[in-house]
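In: build me a model:
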Amino acid sequence: MTGASSRSHGDDCASMLARYGELAAELEDETDPARCRALRQRLAELDTAIDAVLQRATHPSL
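Out: Predicted coordinates:
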């Protein structure tokens, strides 16, 4: 993996982790059940995306 590619994966992951933290904090304060479901769904999607970025970063041949 090139240095630029590694930085790109790191930047992607860092932004997704920051967004994950924002959504998690919002979920803690949310009382509307429908909004909680939507936030949990978005968190699950981000979790999957973060896993994929980390997988590519650690196993670039996959």
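In: which secondary element of this protein has the worst mean pLDDT?
Out: Across the helices and strands of the chain, mean pLDDT, DSSP states H and E gives its lowest value to helix 3-29, namely a mean of 83.
In: tell me the buried residues in the next helix or strand after that helix?
Out: Next helix or strand after helix 3-29 toward the C-terminus (DSSP states H and E): helix 33-58. For helix 33-58, burial by neighbour count (16 or more other C-beta atoms under 10 Å) applies to 39, 43, 46, 50, 53, 56-57. Yep, even glycine has a C-beta here, placed from its N, CA and C like the rest.
In: looking at the residues you listed, which is nearest residue 24?
Out: When the buried residues of helix 33-58 are ranked by distance to residue 24 (C-beta to C-beta), residue 43 comes first, at 6.5 Å.
In: can you tell me, leaving aside adjacent residues, what's nearest to the closest one?
Out: Spatial nearest neighbour of residue 43, excluding adjacent residues (C-beta to C-beta, 6 or more residues apart in numbering): residue 23 at 5.5 Å.
In: from what I can see that neighbour touches residue 39, true?
Out: Yes. The criterion here is C-beta atoms under 8 Å, and residue 23 meets it with residue 39 at 5.6 Å.
In: if we can go back for a sec, elements contacting the least confident helix or strand of the chain?
Out: With contacts taken as 3 or more C-beta pairs under 8 Å, 6 or more residues apart in numbering; DSSP states H and E, helix 3-29 sits against helix 33-58.
In: what's the average pLDDT for the helix it packs on?
Out: Averaging pLDDT along helix 33-58 gives 93.
In: what angle separates that helix from helix 3-29?
Out: If you take axes from the mean of the first three to the mean of the last three C-alpha atoms, to 10 degrees, helix 33-58 sits at 160 degrees to helix 3-29.
In: output the contacting helices and strands for helix 33-58.
Out: By 3+ C-beta pairs under 8 Å, 6+ apart, helix 33-58 packs against helix 3-29.
In: check which residues of the helix it packs on are buried.
Out: 9, 12-13, 16, 20, 23.
In: and that helix, how far out from the chain's middle?
Out: From the chain centre to the centre of helix 3-29 is a distance of 5 Å (C-alpha atoms, centre = their mean, to the nearest Å).
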